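>>> Let me see the structure of the following:
(3 chains)
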Amino acid sequence: MPVSEHEVRVLTKRFDLPNSASIDTYLAHDGYQAFEKALKQMTPESILEELKRSNLRGRGGAGFPTGMKWGFVPKESPKPKYIVCNADESEPGTCKDRLLMEKDPHQLIEGILIAGVVVGSHQGYIYVRGEYRYLLEILDRALEEAYARGYLGKNILGTGFDFELATHTGAGAYECGEESALLESLEGKRGIPRIRPPFPAVVGLYGGPTVLNNVETFSAVPAILREGGEWYAQLGTPRNGGTRLFVLSGHVNRPGVYELPMGFPLRKMIEEVGGGILGGKKFKAVIPGGSSTPVLTADALDTPMDFDSVAKAGSMLGSGAVIVMHEDTCMVKVALRLMQFYAHESCGWCIPCREGTDWLSKTLHRFHSGGAREEDIGLIEHLAKNMLGRTFCPLGDAAAMPVISFVKKFREEFEMHLSGRPCPFESKQEPATVSR
Amino acid sequence: MQFTPQLEDKLKKLMRNYPIKRSALIPMLLFAQDEQGFLSQETIAEIAGRLELTVPQVEETISYYSMLRKKPAGKYHLQVCTNISCLLRGGEELFEHARKKLRLAPGETTPDNLFSLEEVECIGACAWAPAIQVNYQFHHELTPERFDQLIRELERSRT
Amino acid sequence: MMGETVKIRVDDRELEVQRGTLLIEACRAAGIEVPSFCYYPGLSLQAACRMCLVEIEKAPKLQTACTVPVTEGMIVRSNTEQVTQARRSMLEFLLGNHPLDCPVCDKGGECELQDMVFRYGASESRYGEAKRHVEEQQWSPVVYFDAPRCILCYRCVRVCDEGMGVGALSVVNRGVHTEIAPNHGDHLECEECGMCIDICPVGALTSGAYRYKARPWEMQYTSTICTHCGDGCKTTLSVRNNKILRGNNRDRSGINGEFLCIKGRYAYDFVEHPSRLRQPLIRRGRELVETTWEEAIGTVAAKWSEILARRNKAANNTLAETSEKRSEGFGVIGSNHTTNEENYLLQKFARTVLQTNHVDHHRTADYAALIHALANESAEQPSQAQRPPLARSKDIVGASAILLVGNNPTEQHPLIAWNIREACRLNGARLYIIHSRRIPLLRQSHRFLPLGLGHEADALRHLCGEPEATQALLGETPSGDNVTADLLNDFRNRLQEEKDVIVVFGDEITGPDVSLLIRMGSRLSGQTRYIALGDYSNSRGASDMGLLPHLLPGYRPVGDAAARAFFEDRWKSPIPATVGLSVDDMVAATLQGGMDALYVVGANPLKGRNPEDFCGKTFLVVQDLFLQETAQAADVVLPAASAYEKSGTVTNTCGELQRLRKAVGVLGTRTDLQIFASLAAAMGATLHPSQPEEALEEIRQMVPEYNIPLANVLAGGAEAVLNPNGFKPLAAPAETSGRVYSAQDTLFTSGTLGRFSNILNLVPERNIRKEPGPA
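Presented below is the predicted three-dimensional model:
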């Protein structure tokens, strides 16, 4: 696995250790210290304070401050409270949670346990996407170890705190990464999102208050409690604490998963961490935060990679999946492939997403195969804008925003496809063999 | 119907995990499919019965999840990712290559039931593109040559 | 009762609405149009169609008015450019894959999608791609599904699951491939109520009975009352060229709102069944042959006059009584389906012209016992009677607790079952069930007291605190339930915590057990109200109108001289003083040759018997729609008009008076009222009145319970007939030997009438119907 000297290894610091997934390795390297501290020395309020100080923001994509999110869970609840870890990592371009679970599952378990302490929950689930089957075995083994060593189960560490944690597998549905759809799926149903409010923090799994966070978010919590929120915050930029696991993919020489401080410059990420553009080609575009985020062009390369700066540049940090495209990439083709993905993954519940993604993928397909008319460019924008902000859940926005950005920033490429012309990039396409 | 003791064991563990039975549905379906290759009407009815659900409730759930299938696939189910990160790294060409190599259209199975082919959405191997999954096994950074080699290995392991 | 209100502003109009009201409801109540497909009052929220998007101040984007409860100071805009553009765009999305086959679509002209496009635009389609195509599917004899037309509003899924409690429809696949699916792969096995078709805003679900038959604007619509079960649903019959093409109740008027079961919606087809009688028949030798009305009426009148004369002569000649074989004279068996006016006239005809109290009908609920028990109860405890002790069908919906004793409303009383489910679903009503079987309503039940068949009275005694009865209930029931003392006590304790309970009971409780039931009910707090469940569309009316051997109209005993005098004075004719024979007794007497004449109107007392056994035993006149068993044994058969071919009123099992309106005419038939008048006239007697309106007027004068305001009834509504409280206790009637029993019709049978509905015979569920067994 490639590494970079620019990395700041907080969550990934144990990745290179032999048997990094075992509890012995974990315990030998600060493992479960934060949890013990949380359980024995801290109050839920002081933990939340520490989290707020850390400026940790949700790593799933929306970037909501974690301390605040956990604070929404009501203290008293007639129904059991739950901690649910979203390990349904499905955002195209993203494969970091997979490594966090594969290499350091106990770090995740510890983060979940701390959440349990904070909100007073005694049951947690890790919802793992179905394609990550091998991780179920790794996680289950880690859970067994944690139970055996008394970090899970009844009367944990003699404190009287009980916590049960289990893995749960999905079965192929991007939509189940949306938190309320995930809860439906965890209840054994179709992954259709729920009407919100009420939000999961108040009415979540089985109707109980539920903390729902991404793998990376939970995994960051132990270090924060161990080293202090202040320490974590200063690793990043203001309001964007800590490090981020960036997934560099596409046309770079060294694709990989890199832990970099928040606010790391995009250009440096591509050129130095990623080793520059594949085959010495010219940079064309970058999707900075997974397929659901608008595409950026060269003029945005100086953007620091944190939530606020990327937003200012007109996109989103999202899942931290940086997808780089060089000069030979057909942007119509990319827009088409992404729209096909959203059409395939739309749950079909609401009209604008169901019909919009289908219509757009058909139109883009026609476009790419040379059957487009001038007015189709406007139609694509029209349809995408009609989806924007009007769908039942964020999937509609996730489908609409990128395509709007593709048309806006690469209008001339769309025009190049008009009136029966074949895709101008098809001939330039590299053969399937890529040098690395 | 009878499930194998291994599957029974898995199901028993599952049932302990949740306060409501239906929660076990999706893992249960997937585990049964892993063993039986697909979800037969008999399996569906059995699982419905165990979880106190109706058959339509199970059917509507199955039809939502792309990994659950009601028809058999090959012994080796090849899932080629062509989503963006793989696309940029030759995922589509790899898929075309696989089609020709195995003489399969998407969704088809070879006559000897050894291979089936499917074009899939992002499988979470973006940093190691292009990638495929054979059943649950990941194969990263594939080239047509490495793909052919993989097929040869799988063919050999048939016996 | 109005709770706390909040003030909101919609389009610069100030509205004051109850806190928690959904914004869409607040707007609609104020006449502000907010369109929707998926939002449907009474069904769960979906937020799927996005048609109701509005601007709410401080919200970053458009909000669905169907999911947002109003809050104080909320400022809403429902008609801005952004909002109308959003609506237009949803329609544009919908029309993408929607086939534009409106000219041949059954829904054309009454399609909500058409209406929305008309109102909000999206008339120009920019959709240039291939439309998704899926072949139309037939899911049952009455349900067809055309997937591409479906807009996925999920109304059908919800009405089937939440409204009907059946859950036969589900949503399968995802994305643009999402479809509604039936519960058995390629077909439906359900109640075939057609609610899914009715509620479908577009032409996705269409009716096997109606499809491709007519355009909505070329039909006439007649609202009348379903002629099948005793619930009295309003059904609007769509008629073209004197042919009923459809039944529904889309305007939601009537006591049933939009609800109809398979019978109300489809089982009008008996009207034009090929074996419908269209000409009188007369027996010549062994054969029944067609004849004219003149001859038929003349023959009957002559024969009856002759018998009457002979009997008068015999009565005057006391010697004759000893020498001649004793005969019961005339017997009259009336109908559960004919109108109040007809029933009233029939018993008046029997008691005055034919001089007999041998008048009865197939009694399916013991209304008489209930009325007497309640009258006596309210006389004993006048303070209890703040509310009428008989509940109307809609009262169920608002009840906090319902006790069901026996019957299977899901099959026998679909509207009552619908209302019970609604009460449980929307108002959190607690349903208590005492039953010997595991009926479908158990799904909604709060507490269940299982028992062995025939132990219902024991259960009532247990509830009254009689320990021997508790003992009798213990142990395993045939349904496989184990009844413990804990279960019994828990049931009783819980029920006793309830207030204002509505008690619904079937034929398991008759005779003295009804008094027991009332005694049990009077121990509960608040005002207990009752509904006795009788089988047919005018079972209650037949009882109220005195088609009974021991009771005059309004349940006045024939043995009571004062009651008799009241009627004799008005009818200007003496009435026999002795209690007459029941249906069973009349049939038995006939078989033994002990009746001079039997007149059977709209009934089939020989059902299940061999007509041959009765031929020639008596002078038998049958007036009916079909040549059923009794008619086959008749000397004269008179072809009658059905409920859909006449006017009048009927009273449902809850005592709600409603109006029948004539939808079609069948050549050759006459209404029962016309036939009575003709027969009386041919006998030289007068039988007044001859018009339904005048007959109702006389009923209102003679039966105080029916002296109610009629405006509502005439306008097509329902008006509860008066309750017995407030009246003096009725004298206990002399016992009659008559049985009270339900025919236990299912959703797919309807007594003898059901045999002649093709639809009811076509649905496969008719044969695979089984009682839900123990789990």
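
>>> near chain B, which residues of the stretch 151-300 of chain A?
With CB under 8 Å from any CB of the partner chain as the criterion, the stretch 151-300 of chain A comes near chain B at residues A:166, A:168-174, A:185-191, A:206, A:247-251, A:255-257, A:287, A:291. All C-beta spots, glycine's among them, are computed from the backbone N, C-alpha and C.

>>> where along chain B do the strands fall?
Under the criterion DSSP state E, chain B contains strands at B:76-81, B:115-120, B:132-134, B:137-139.

>>> Between those strands, which one is closest to chain C.
Among the strands of chain B, strand B:115-120 comes nearest to chain C, with 15.1 Å by CB to the nearest CB.

>>> got the angle between that closest one and strand B:76-81?
Counting by axes from the mean of the first three to the mean of the last three CA atoms, to 10 degrees, strand B:115-120 lies at 20 degrees to strand B:76-81.

>>> Looking at the strands of chain B, spot the one closest to C:Ala267.
strand B:115-120 (49.8 Å; CB to CB).

>>> Identify the residues contacting that closest one?
With CB atoms under 8 Å, 6 or more residues apart in numbering or on different chains as the test, strand B:115-120 has contacts from B:66, B:73-83, B:95, B:98-99, B:102, B:104-110, B:133, B:151, B:154.

>>> Domain parsing of chain B, as residue ranges.
Here the domain assignment for chain B is B:5-64, B:76-156, based on automatic domain parsing.

>>> give the contact list for C:Gln701.
C:Arg570, C:Asn707.

>>> where's the one helix or strand it maps to relative to the chain centroid, distance-wise?
Using DSSP states H and E, C:Gln701 sits within helix C:692-702. Centre-to-centre, helix C:692-702 and its host chain are 23 Å apart (CA atoms, centre = their mean, to the nearest Å).

>>> which of the residues in that helix are buried?
Across helix C:692-702, burial judged by 16 or more other CB atoms under 10 Å in any protein chain shown covers C:Pro692, C:Ala695, C:Leu696, C:Glu698, C:Ile699, C:Met702.

>>> cool, and stretch B:25-45?
Under the neighbour-count criterion of 16+ other CB under 10 Å, stretch B:25-45 has B:25-33, B:36-37, B:39-40, B:43-44 buried.

>>> can you check stretch C:605-624 too?
So stretch C:605-624, judged by 16+ other CB under 10 Å, has buried residues C:Pro605, C:Leu606, C:Pro611, C:Phe614, C:Lys617, C:Thr618, C:Phe619, C:Leu620, C:Val621, C:Val622, C:Gln623, C:Asp624.

>>> Compute the distance between the second one and C:Gln623, please.
Yep, that's C:Leu606 we're talking about. Separation of C:Leu606 from C:Gln623 (CB to CB, to the nearest Å): 14 Å.

>>> And the strand or helix carrying C:Leu517, what does it pack against?
Using DSSP H and E, C:Leu517 maps to helix C:512-522. Counting contacts by 3 or more CB pairs under 8 Å, 6 or more residues apart in numbering or on different chains; DSSP states H and E, helix C:512-522 packs against helix C:367-380, helix C:456-463, strand C:502-505, strand C:529-532.

>>> Can you give the contact residues for the helix-or-strand element of chain A with minimal mean pLDDT?
Among the helical and strand segments of chain A, the one scoring lowest on mean pLDDT, DSSP states H and E is helix A:411-416, with a mean of 93. By CB under 8 Å, 6+ apart, the residues outside helix A:411-416 that reach it are A:Cys330, A:Met331, A:Val332, A:Phe367, A:Ala372, A:Ile377, A:Ile380, A:Phe406, A:Val407, A:Pro424.

>>> What is the three-state secondary structure of A:Val324?
Secondary structure assignment for A:Val324 (DSSP: H, G, I helix; E, B strand; the rest coil): strand.

>>> tell me the pLDDT at the residue in the stretch 51-200 of chain A positioned nearest to chain C?
As assessed by CB to the nearest CB, chain C sits closest to A:Ile195 within the stretch 51-200 of chain A, at 5.2 Å. Per-residue pLDDT puts A:Ile195 at 96.

>>> And A:Thr433, by the same measure?
pLDDT at A:Thr433 comes out at 40.

>>> gap between the helix or strand containing A:Phe35 and the chain center?
Per DSSP H and E, A:Phe35 falls inside helix A:33-40. From the chain centre to the centre of helix A:33-40 is a distance of 27 Å (CA atoms, centre = their mean).

>>> orientation of whichever helix or strand comes after that helix relative to helix A:33-40 in degrees?
Sequence order places helix A:44-54 as the next helix or strand after helix A:33-40, per DSSP H and E. With the same axes, to 10 degrees defining the directions, helix A:44-54 sits at 140 degrees from helix A:33-40.

>>> quick one, phi psi at A:Leu338?
Main-chain dihedrals, A:Leu338, degrees, to the nearest 10: phi -70, psi -40.

>>> List the contacts of it.
Per CB under 8 Å, 6+ apart, neighbours of A:Leu338: A:Pro92, A:Ser291, A:Ala399, A:Pro402, A:Val403, B:Ile84.

>>> Buried ones among these?
Looks like those have A:Pro92, A:Ser291, A:Ala399, A:Pro402, A:Val403, B:Ile84 buried, using 16+ other CB under 10 Å.

>>> just to revisit the earlier point, give me the subset of the contacts of strand B:115-120 touching chain A.
Answer for the contacts of strand B:115-120 near chain A (CB under 8 Å from any CB): B:Ser66, B:Thr82, B:Asn83, B:Gln133.
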